[in-house]
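Visitor: build me a model:
(chains A, B and C)
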Amino acid sequence: MTSISLQHFLILSFILFSLGTYAVIVRKNILVALIGIELILNAANLNFFAFSKFKNYQFGELAIIFVIIIAAAEAAVALAIFINLYRNFASINPDKANTMKE
Amino acid sequence: MAGFPILSTIIFLPIFAVLIILLLPKRLKTSIKTISLVAFLLQTILILFIISKFDFNLSGVIKLEEFQFVEKVDWITVSNSAQLNLNFKIEYFLGVDGISIVMLLLSGIIFPISVAASWNIDKSPKGYFLMLNLLNSGVMGTFVALDLFLFFIFWEIMLLPMYFLIGLWGGERKEYAAIKFFLYTLFGGILLLLTIILLALSSSIIADGISYKTFNLIYLMDQNNYIKNGYLSILNSNHIRLLAFAALFVAFAIKLPIFPFHTWLPDAHVEAPTPISVILAGILLKLGGYGFIRILYPLFPEYSKEFAFYIAMLGSINVIYGALCALAQTDFKKLIAYSSISHMGYVMFGLASLDQVGVLGSVMQMFNHGIITSMLFLIVGIVYDRIHTREIAKFGGLALKAPIYTGFVTIAFFAAIGLPGLSAFISEAFCYLGAFNNSDTRLFGAISLSGVALAAGYMLWTLQRIFFGKLKDNLEDFQDLTNREIAMLIPLSFLVILFGIYPSLLIQMLNNSINFFVIFISN
Amino acid sequence: MATINLIFFSIPLSAIVGFILTFIVPKKIKRIYFIEIFFSLITLLSSLYLLILVLSKNFSSIHFSIDIFKLNSNFDLIFNYQANKTEIYLIFLTALISFLVRLYSIEYLKNEERLKNYFVVLSLFVLSMYGIILSKNLFSLYIFWELVGFCSYYLIGFWRHKEAAANAAKKAFIVNRIGDIGFFLSILIFASTYKTLDLGNISNAIGKEIYPFSQKEFLFIALLLASLGAFAKSAQMPFYVWLPDAMEGPTPISALIHAATMVAAGVILISKLFAISTAEFLLIVAYIGTITALAASFIALSQNDIKKILAYSTISQLGYMFAALGFGAYSLALGHLIAHAFFKAGLFLSAGYIIHLFEGEQNIKKIFIDKKKEKILFFSFSIFSLSLCGFPFFSSFLTKDSILNFSLIFSIENNNYFFSASLFLASLLTSFYTFKLFFQIFFNKKEHNFLNHARHISSDNKTLYLAPIAIFAVLSLFYIFSSTPFDVNRSFVLNDITSELKLLAIHDFYYRHIDNTKGDFLNALDLNSLEFNQKYIRYHLLTTLLSLLMFSIGIVFAAILYIKNILNPEKIKKKLFFIYKLSEKKLYFDELYDIIFVDLTIYLSRFVAFIDKNIIDKTIEFVSYSTKIIALLAKYLDKYLIDGTLHLIAFIFEFLGLLIRKIQTGKVQTYIALSVLIMIIIYIFITN
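Guide: Numbering: from 1, shown residues only, chains lettered A, B, ... in the order given. Model prediction:
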């Protein structure tokens, strides 16, 4: 069995990133979009970790901490926004909040 | 007295009257009329004064020093555009010679009479007399201006008052007639302007060491003043000179009017009020003839000689065509208008003959016809004032009710027919004599004689239909002439008879000028 | 010498002064005509004095000139006037007739309101007549010629409330005008060739063989044109149509103008041109004169109105005068003019008196006058009639007979018997219609009684009527011409006139001219040659007998038909129906002229006016219409093209804007997707 190299991590993080992007852009549920954002962030985390591990990138582990903290804060804010959004538009479909069009 | 600008006074007296009238309130109608009358009579007196002081031995025409009562002042001078080579010199240049003085005399006679004829205008007389005075200024100016620019200005000044006078105080189709007259004459004016500019551009005189382009007519008559190979110098071989001649010819032909540019005249005359018809026929038509003599012929003598045949042909077409159309009319005023066209034809072929007697006849015809046609239009106006129709079929037997009127009408009609003893005979006879002397125009002189019989035909037929025979029923209350009307007609009749019996009065005024004119053009 | 000049000049001067004074003096003054009577009396006495001078051979010519134009050119327009013996005779004639006519008019028109106008124009007429007689310059002649035409117009149409009178006046003037065109054209030809219009100078130039446009044919043309004026004025064929209609005017006017003077002006003109005439031209004159003489007398046969008969008679006698001129018998023509003037004026005045007696009735079928009641009238009328027919012992016998003689010689010389046959036939017809008139009035008592009784006129009024008539009657006898009734060669008048022909410098030219044309054209007669005199005497007796024969036939026929109705004229009329109709309808000239001149001209004028209004004027309106179309085009061009481009650009931007606006969907996910996309693109660009 080949040993797990940097590329494997990068590919995994890319896959996670794409899935996350897919969820943000395509899914019609803002909570799923939030999950997608978390996925993206985690994919970025994985990337940082991989580089920290394989290339002795010191900052990597630090960055992971930052990202996790910010992700948490951001999730809290996002959920607050989503509650307001639900109150105004009676739906969790982001397409329904389109009064800023044109 | 020598330096007193008497010509400018004559021209600007009506402007002065305009200023006074502008300040007067509208209701002072009589004052407005009186002021105009006084202004015009003053003009007449000044003109008579000029005639008395006039030296008839000087000929003028192209010789600067032989013009009299000259006023020559530099007016607009542009002298620094050396790089564009466009130094202009426009002068305020007035002067009279034998021909102008006769035309001035005619205007001086007709205008006061037209004021007398306008005495009963009740629709905004203030505006009417303003326009009339302006018109007078323009007319007087045109006859004495010797700078082309100044001439053009006065020419255009005459146009606008006429538009208003016809268009506001006229008959049923006054707007149509006014705009037709205005646009047609304006078109002629544009051709005139074009030619004037072309002439000025090709001229060159030296003054104070700078070479100027000039609008001065007398300088332009001298070929030495032209730029060699300029647009209109004789040496120039391209056809611009011919085109300029044609353009200027058309411009004056519209005024005269010459067939086929005459169609504005019946409408304008018929729809205009009586005093305006009088001025239009009596004076404005003569401007065309005057333009020919003063401007076209001296500036383009070689073409004038070359085309004499065609000019005479147009003249005789006028005579016969006008007479035939007159014969077919049922409207009295239109008949007189066509007879005007017919009589002005004599001016054309008399002039084309370039013979001393012929040209003399042509100028005399302008004067005589002015007086006679004024009388004729006054006569139509008298009838129209009373019955408000001009249809000949509605008249009959007026001699029974208005014998004095019939007497004046007889004089006027026979003068129009050309009876000897009345002025038009001499001028028409001279035109024929002149036309016959010149081999180019001989044929047309002979052809035009048939117009004589036609004139007798339509005039006598009209005389009979309107005045003789039984009185028509609707004419029971026809009044004979009022004093004002008699006062208008008597001086005209007197002049018609005077110049018929004693034509040498006119001939003496014109002899030298015309002699010189003929000699000049023939070379 | 000075007295003669003074007396001579008093003639035109008193005419002028009389005219002016009568014109100026206001209408209200009663008996305004006394001014005119006074001045015309002065004229009469002066001309009588001059006449006596002429008769006693103490007269020499008078010349004067007026420079009316003062032209400074080589063109000579000075008016020259001359008075030779011929002119003195004619002036005396005019003065006497006009004086008597004025006296007559006072009575005839005494109730007329416009009497002043009548006398003014009458005096203008007489003045112009003097002008015509005295003029030596063609232009001056033309001026007075036209003036005479105007006076004729006014006086014919004097009663202007009558439609017929106004029409007649207009017709007269227009026909005269047409002739005058010819006259004026000939003046133009002469003027342009000779630079002068003085007949003496022109004659001199022609004598030197200077012809208009250097061709002799043009001299003929010029003369022919001038003669058109003469023919129109003297009512010859084919211009005669105005004279019968002119009878609408007052009778004294018919007497003065249309019998004695104005219509004679044509003869006077041709006689003035006689010195420069060519043989061909005189031939034309002879033809016209002869044809007229015959045709007019033919028409007169069927007329029943006194004045119309007299009018046609005038035309016929004028034809004799022109024929005489055409044969070369200058003095006979003028002599016949003088004789004719007197008896024709007398006839017209008598006619006026008769019409007055019957209160306006002019048809001779309805008039009868008892000769015992109106003796003076009867005697005068018979004298006039006999003179008209050329009966011996009366004035016109001398002239008319000689004219007939001349015509005979002329015809024999040239083997063309048209002239003599026509003239003799005409004299037959003349005597017929003359005596038809005479017998109808005085011998043919009509059935209805009330028409037979003429009005009674008080005797003092009658004088003014009858005195002139009587005077004319006296003047219609032979002795005014000659001491013997039969010998024309002893006529002092004619000899005086002929002697002047000898005095004219062109006399030689004329005869020389005839010699040149012998054999080519019909020969004019050389009055002075011996052989002519012999022929004259040889044929004279024949002529006299023939003319007496014609006279007798005529009078007998007239007597048969009209005295006591021996033969019924009605039956004759029916038999000769076509000829009668031809005569009655005046040879259908009026109808012909109506179609040719009047209708044609009116149609032509309507056509021309139609062209003017609908074609030429429409051209102008077309110009204005097309200008309007162009303006409309410009408006649309402006609106759609130029403005449109602007709008197009604006539209494009708007469209683009619309398109781009669609990007703003309002959906977050779209924005996110877009920003991801663009970041990728930017990344690719940066790393490349």
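
Visitor: enumerate the residues of chain A near chain B.
Guide: Within chain A, no position lies close to chain B (C-beta under 8 Å from any C-beta of the partner chain). Quick note: C-beta positions are derived from backbone N, CA and C, even for glycine.

Visitor: what about chain A, any weak spots by pLDDT?
Guide: A:1, A:102 (pLDDT under 70).

Visitor: and the stretch 351-500 of chain C, by the same measure?
Guide: In the stretch 351-500 of chain C, residues with pLDDT under 70: C:445-463, C:478-500.

Visitor: where does it get nearest to chain B, residue-wise?
Guide: C:G360 (18.3 Å; C-beta to the nearest C-beta).

Visitor: count the neighbours of that residue for me.
Guide: By other C-beta atoms under 10 Å in any protein chain shown, 6 other residues sit near C:G360.

Visitor: same check on C:L658?
Guide: 10.

Visitor: show me what from chain A comes close to chain C.
Guide: A:21, A:24-26, A:33, A:94-95, A:97-102.

Visitor: just the ones of these in helices?
Guide: A:T21, A:V24, A:I25, A:V26, A:A33 (DSSP state H).

Visitor: grab the nearest non-local neighbour of the second one.
Guide: On the basis of C-beta to C-beta, 6 or more residues apart in numbering or on different chains, the spatially nearest residue to A:V24 that is not a chain neighbour turns out to be A:G36, at 4.1 Å.

Visitor: host element of the one you found?
Guide: helix A:30-55 (DSSP states H and E).

Visitor: could you tell me the angle between the very next helix or strand once past that helix and helix A:30-55?
Guide: Counting by DSSP H and E, the next helix or strand C-terminal to helix A:30-55 is helix A:59-89. Interaxial angle of helix A:59-89 relative to helix A:30-55 (axes from the mean of the first three to the mean of the last three C-alpha atoms, to 10 degrees): 180 degrees.

Visitor: buried residues of helix A:59-89, list them for me.
Guide: Neighbour counts using 16 or more other C-beta atoms under 10 Å in any protein chain shown place A:G60, A:A63, A:I64, A:V67, A:A71, A:A78, A:F82, A:L85 of helix A:59-89 among the buried residues.

Visitor: does the helix or strand hosting C:G229 reach chain B?
Guide: In the assignment (DSSP H and E), C:G229 maps to helix C:216-233. No. Interface with chain B: helix C:216-233 contributes nothing (C-beta under 8 Å from any C-beta), its closest point being 10.0 Å away.

Visitor: spit out the contact partners of the closest residue to chain C within the stretch 151-300 of chain B.
Guide: Using C-beta to the nearest C-beta, the single residue of the stretch 151-300 of chain B nearest to chain C is B:T263, 4.4 Å away. Going by C-beta atoms under 8 Å, 6 or more residues apart in numbering or on different chains, B:T263 touches C:D612, C:I616, C:D617, C:I620.

Visitor: now do C:L122
Guide: C:E36, C:S98, C:V101, C:R102, C:S105, C:C151, C:L155, C:I253, C:L256.

Visitor: recalculate using a threshold of 7 Å.
Guide: C:L122 makes contacts with C:R102, as judged by C-beta atoms under 7 Å, 6 or more residues apart in numbering or on different chains.

Visitor: so which helix or strand takes in the residue nearest to B:Q479 when sequence neighbours are not counted?
Guide: The spatial neighbour of B:Q479 that comes closest, neighbours along the chain excluded (C-beta to C-beta, 6+ apart), is B:R386 at 6.5 Å. In this assignment (DSSP H and E), B:R386 forms part of helix B:356-387.
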